[in-house]
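In: here's my sequence, what's the structure:
(chains A and B)
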Amino acid sequence: MTSKIVVVGGGTGGTLTANLLASRLKNEINNGRVSLTLVSGSDQHFFQPSNLDIAFKGAKPSTYVRNQRSLLRREIAFINEPAKKIDLHNRKVVAGRDIQYDYLVIATGSVADPSLTPGLAEGSYNFHTTPSAAEEIWRALQRFEGGIVVVAIAGVPHKCPPAPTEAMFLLDDYFRKRGIRDRVELTFLTPYPHAYPAKPIAEVVEPLLEERNITVSTFFNVESVDPARKTINSAEGEEVKYDILIAVPPHRGAEVVLSSEIGDKDGWIPAEKHTMRVNGFDDAYALGDATNIPISKSGVVAHLQSGVVAHNIAGKILGVDGERRYNGRINCPLEVGGGRALFVSGSYSRQPQPMKPTRLRYLMKKSFARLYWLTLKGTLEPIFDIYLKEEERS
Amino acid sequence: MTQASRRVIDSRGSFCPGPLTDLFKAYREAKNGDVLELLATDPAAKSDVQAWARKTGNVVEEIVEEQGYVRIVVRVVAKSG
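Out: Predicted coordinates for the structure are as follows:
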């Protein structure tokens, strides 16, 4: 009898999980004992962190896109259809047709949805929805001759916690290079008490923001945007004027999660934080942005969780190996402008520690954009496995 | 009239983006009178929640140091509408 594995989603988590499973179960797939299918509505795969470079440095989106099929090992059947329904009780995914599974991996990501805040879609730019939205920021900046630029976090959780703080530094760099920094007021609106959610990192970046004359307004909970008056309003009644508003839209889970009613109200799938097993099911896993696990929505999380889930599913099928557990390890680069960066590094039991921004760390961040495509194939797993070796302290 | 409810938010192990993210999510869905009980291992949680409550006008009713984590009880009173 064939064990059927279905992976839903073709982002970092889905692609890597499928490739790791294909590598580990190559013989079983080739002799028909295992089938492995990846379902994704998109036939393209985009390196999402590059949106910052597209928006604030004018990078070209075409540099950061690959054909999805080209990233998948040949043992994987690729169904290029959006999943319409996930039925956990009857073990099937509907994507053009019914696909039965024995093991399911849900890696459907998150959706940045400006429509969740009144006025946001009409009144703001963003670098979270699509590369072309990020390009619009670059075009708007080039036309801009002076005034108020506001970056606002309009909802939490959102992808890539460092990104809005990085945006402030990159905007400062951009206007300095153009020689018009003195004509631009830069303001950052955040719902958090600090310029970065994790306090030890905030203690590093706040003096740098101050040095660059960037205003940080904390505890600002975006309620609505008035595009006609060019104001952004908080739930507490504050009003801030802008000429250009760049917002991190509120995020939600994927449409298929919401319509299949397998997530919470916002579409985040409840899952166990060490094994990523969907609560109440031993044959379904959710990973990356798709879950309600209290960890950052970032590529490194999706990557490390993929390694754990692929290992554990393969182990079950092969009847070998102990179960691996995800330790909550994160390692997110945060660019502070001027060609320097630091890393936000921690785990479930280790909070991020202050780290000095350096040129070397910036170069490490830059080099990852090229290494990313290799990481999706599992080629660099020995390096990522080191992250998982960190013991969790109780 | 709907009854006030009590909700436990388990943010233990969350340092980035941190317990406040989970609290904000729950707060958005809460109504006045509801109680939100936040469990956190992040040492900044206590002062962050206190600062948030001061700013928004909500009430921190209780802070209890448990074994390896802190339990912060917030009563929602400042929601408009």
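
In: in contact with the residue in the stretch 1-150 of chain A that chain B sits nearest to, which residues?
Out: Across the stretch 1-150 of chain A, the shortest distance to chain B (CB to the nearest CB) belongs to A:Leu116, at 10.5 Å. In short, each C-beta sits where N, CA and C put it, glycine included. Each residue near A:Leu116 by CB atoms under 8 Å, 6 or more residues apart in numbering or on different chains is listed here: A:155, A:249-250, A:252.

In: quick one, phi/psi of A:Leu318?
Out: Here is the backbone geometry of A:Leu318 (degrees, to the nearest 10): phi -80, psi -10.

In: residue contacts, it?
Out: A:Leu318 neighbours (CB under 8 Å, 6+ apart): A:24-25, A:28.

In: got those residues as a markdown table, with distance to A:Ile313, secondary structure and neighbour count columns?
Out: Output for the contacts of A:Leu318, formatted as a markdown table (distance: CB to CB, whole Å; DSSP: H, G, I helix; E, B strand; the rest coil; neighbours: other CB atoms under 10 Å in any protein chain shown):
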| residue | distance to A:Ile313 | secondary structure | neighbour count |
| --- | --- | --- | --- |
| A:Arg24 | 9 | helix | 20 |
| A:Leu25 | 9 | coil | 22 |
| A:Glu28 | 12 | helix | 19 |
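
In: on that earlier part again, emit the ChimeraX select command for whichever of the contacts of A:Leu116 are buried.
Out: If you want just the buried ones from the contacts of A:Leu116 in ChimeraX, going by 16 or more other CB atoms under 10 Å in any protein chain shown, the selection is:
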select /A:155,249,250,252
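
In: from the contacts of A:Leu116, which is closest to A:Asp173?
Out: Proximity of these to A:Asp173 was ranked by CB to CB; the top entry is A:Pro249 with 23.8 Å.

In: so the closest one makes contact with A:Phe127?
Out: No. A:Pro249 is beyond contact range of A:Phe127, at 10.1 Å (criterion: CB atoms under 8 Å).

In: hmm, back to that, of the contacts of A:Leu318, list those near chain B.
Out: Among the contacts of A:Leu318, no residue is within reach of chain B (CB under 8 Å from any CB of the partner chain).

In: now the helices for the chain?
Out: You didn't pick a chain, so chain A it is. Along chain A, counting by DSSP state H, helices occupy A:12-24, A:26-30, A:51-57, A:68-71, A:120-123, A:131-143, A:163-178, A:199-211, A:255-260, A:299-318, A:359-376, A:381-388.

In: not what I meant, chain B
Out: Going by DSSP H, chain B shows helices at B:19-29, B:45-56.

In: by contact count, what packs against the shortest one?
Out: What that stands for is helix B:19-29. strand B:6-11, strand B:35-40, helix B:45-56 (3 or more CB pairs under 8 Å, 6 or more residues apart in numbering or on different chains; DSSP states H and E).

In: just give me the neighbour total for B:Ser80.
Out: For B:Ser80, the tally of surrounding residues (other CB atoms under 10 Å in any protein chain shown) stands at 8.

In: quick one on the thing from earlier: could you identify which of the helices and strands packed on helix B:19-29 is most buried?
Out: Counting by mean count of other CB atoms under 10 Å in any protein chain shown, strand B:35-40 has the highest mean neighbour count of these, with a mean of 22.

In: show me the shaky parts of chain B.
Out: For chain B, applying pLDDT under 70 flags the ranges B:1-2, B:81.

In: quick one: name the residues of it near chain A.
Out: Residues of chain B lying near chain A by CB under 8 Å from any CB: B:10-22, B:24-25, B:29, B:41-44, B:47-48, B:51-52, B:55-56, B:68, B:80.

In: count of neighbours near A:Leu258?
Out: 16.

In: go on, A:Asn80?
Out: 15.

In: report how many residues lie close to the closest residue to it other than its chain neighbours.
Out: Nearest non-adjacent residue to A:Asn80, counting by CB to CB, 6 or more residues apart in numbering or on different chains: A:Asp43, 5.1 Å away. When neighbours are counted by other CB under 10 Å, A:Asp43 registers 12.

In: show me the contacts for A:Asp43.
Out: A:67-69, A:80.
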